[in-house]
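Engineer: next come a sequence and a model predicted from it.
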Amino acid sequence: QVQLVESGGGLVQAGDSLRLSCAASGRTINTYCMGWFRQAPGKEREFVGAISSTGARTVYADSVKGRFTISRDNPDNTVYMQLNSLKPDDTGVYYCAARLMAFAVLSSPADYPYWGPGTQVTVSS
């Protein structure tokens, strides 16, 4: 079983940047699809982006495309998400998720059995 812990969230102003990290333990993640999701107060958890096991494929939600970038360092068992040009609508708890499935990119929360506790991102206007 893989354990995930997110970090890097915080309070920023619109237009600022953040870099989120997801540190994995318990298993090496080089055969895991890794996803990022977020949840704003009163809203359902939504897909942000995902990266395939080798990092060769990424997919993003339309709302973040061109602003967010996911990368991974498999030897370090860590996944990153760079958040640029942040907007107040990006506010929420950001979760990292994992699924043992090489080469795939998955966008549904139901596809991921492993989740971190989340990190709060708040963007003020």
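Structural biologist: That came in fine, so what should we check first? Residues are numbered from 1 along each chain as shown.
Engineer: quick one: the helices in the protein?
Structural biologist: All residues of the chain lie outside helices when identified by DSSP state H.
Engineer: which residue is nearest the middle of it?
Structural biologist: Central residue of the chain (C-alpha atoms, centre = their mean): Trp36, 2.5 Å from the mean position.
Engineer: report the beta-bridge partners for that one.
Structural biologist: Gly49, Cys96 (DSSP bridges).
Engineer: repeat for Ile70
Structural biologist: Met81.
Engineer: go on, Ala23?
Structural biologist: Going by DSSP bridges, Ala23 forms beta bridges with Val5, Thr78.
Engineer: how close does it sit to Ser7?
Structural biologist: 7 Å (C-beta to C-beta, to the nearest Å). Where you see a C-beta, it was placed from the backbone N, CA and C, and this is true even at glycine.
Engineer: now Leu86, nearest residue through space, not along the chain?
Structural biologist: Val123 (4.6 Å; C-beta to C-beta, 6 or more residues apart in numbering).
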